[in-house]
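Visitor: structure here, sequence nowhere to be found:
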């Protein structure tokens, strides 16, 4: 009889346990919002991915005609050297979809010219920060590191009609002005004759991609030859592009022309920007 009573009570016990589990599960479904200080949070919006999920092949991004313009001595090289010079040398990276670059160079009787381009694709792993936002932060870091000079007062003088020797900002440029250099930072001081002319100083560019800037640096006066390097950096969506163009004259008496180098570098930067937007 005791055995029978146990069997009879088993279904009842199971039913009670099942009801309790079911009730607990149902109550817990909305408990996170009901409890004071619960852990439930409103759904968050995931930041948008960047426009670009890959990069251009850098050594193929500059056509032969552009290289002829940027590297005047390339056409004078022997066949094998010329072929190698046109091909360029790829920058070694671990992930060419994230970072890629290429370098070219060619000597001539007047100067040796070198060109380097670098691509970097920003990828954010923070749901609150988009790829574009990360790229903009990286661009700002690069611009700050470039230490562009503040706009000169000469522009205001021209607008007010002032003239005279004092209107030339390079004539009174001190070592602390722009690229004139801080001795503590080891930057060379550029004299009035070697600093970029008015309107060609390192500056922000308003007509290239989403944002851009140009830097212009001349080697120290006591170096064997005074090479000049023009750097153009621009951001298009989540991609950063750097164009670095250098001219090193064969004669110690020569100084590379700012306008010529800047014009060539900006033309190339524009062509690269167009390729990314195609």
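Guide: Perfect, I can see it now. Because the structure is a prediction, the values reported are computed rather than measured.

Visitor: what's near enough to touch residue 69?
Guide: Taking CB atoms under 8 Å, 6 or more residues apart in numbering, we find residue 69 in contact with 264, 267. Any C-beta I mention is one placed from the backbone N, CA and C, and that applies to glycine too.

Visitor: and it, that one's in a helix?
Guide: Yes: the assignment for residue 69 is a helix, going by DSSP: H, G, I helix; E, B strand; the rest coil.

Visitor: which stretches in the stretch 51-200 of the chain count as helices?
Guide: For the stretch 51-200 of the chain, the helices defined by DSSP state H, counting those that start in this stretch cover 64-70, 79-87, 131-146, 154-160.

Visitor: deepest-packed of those, please.
Guide: For the helices of the stretch 51-200 of the chain, the largest average neighbour count (mean count of other CB atoms under 10 Å) is found in helix 131-146, namely a mean of 16.

Visitor: got a list of contacts for that helix?
Guide: Counting by CB under 8 Å, 6+ apart, residues outside helix 131-146 touching it are 47-51, 120, 122-124, 126, 202, 204, 210-211, 213, 215, 231, 233, 235, 237-240, 242.

Visitor: do that again at 6 Å, thanks
Guide: 49, 50, 122, 123, 124, 213, 215, 233, 235, 237, 238, 240 (CB atoms under 6 Å, 6 or more residues apart in numbering).

Visitor: try stretch 203-211
Guide: Residues contacting stretch 203-211 (CB under 6 Å, 6+ apart): 212, 213, 214, 234, 235, 236, 273.

Visitor: among those residues, which ones are in helices?
Guide: residue 273 (DSSP state H).

Visitor: tabulate the contacts of stretch 203-211 (CSV), appending pLDDT and distance to residue 78.
Guide: Formatted as CSV, the contacts of stretch 203-211 follow (pLDDT from 0 to 100; distance: CB to CB, whole Å):
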residue, pLDDT, distance to residue 78
212, 96, 37
213, 96, 38
214, 96, 35
234, 97, 35
235, 97, 40
236, 95, 38
273, 95, 34
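
Visitor: re earlier: could you identify which of the helices of the stretch 51-200 of the chain has the lowest mean pLDDT?
Guide: The weakest mean pLDDT among the helices of the stretch 51-200 of the chain belongs to helix 154-160, with a mean of 43.

Visitor: need the next SSE after it, C-terminal direction.
Guide: strand 203-205 (DSSP states H and E).

Visitor: quick one: strands adjacent to that next one?
Guide: strand 211-218 (antiparallel) (DSSP bridges).

Visitor: the partner strand versus helix 131-146: what angle between them?
Guide: Interaxial angle, strand 211-218 versus helix 131-146 (axes from the mean of the first three to the mean of the last three CA atoms, to 10 degrees): 20 degrees.

Visitor: out of the helices of the stretch 51-200 of the chain, flag the one nearest residue 116.
Guide: helix 64-70 (10.9 Å; CB to CB).

Visitor: which of the helices of the stretch 51-200 of the chain sits closest to residue 58?
Guide: Judging those by CB to CB, what sits closest to residue 58 is helix 79-87, at 11.7 Å.

Visitor: what's next to the closest one, contact-wise?
Guide: Contacts of helix 79-87 (CB under 6 Å, 6+ apart): 74, 77, 106.
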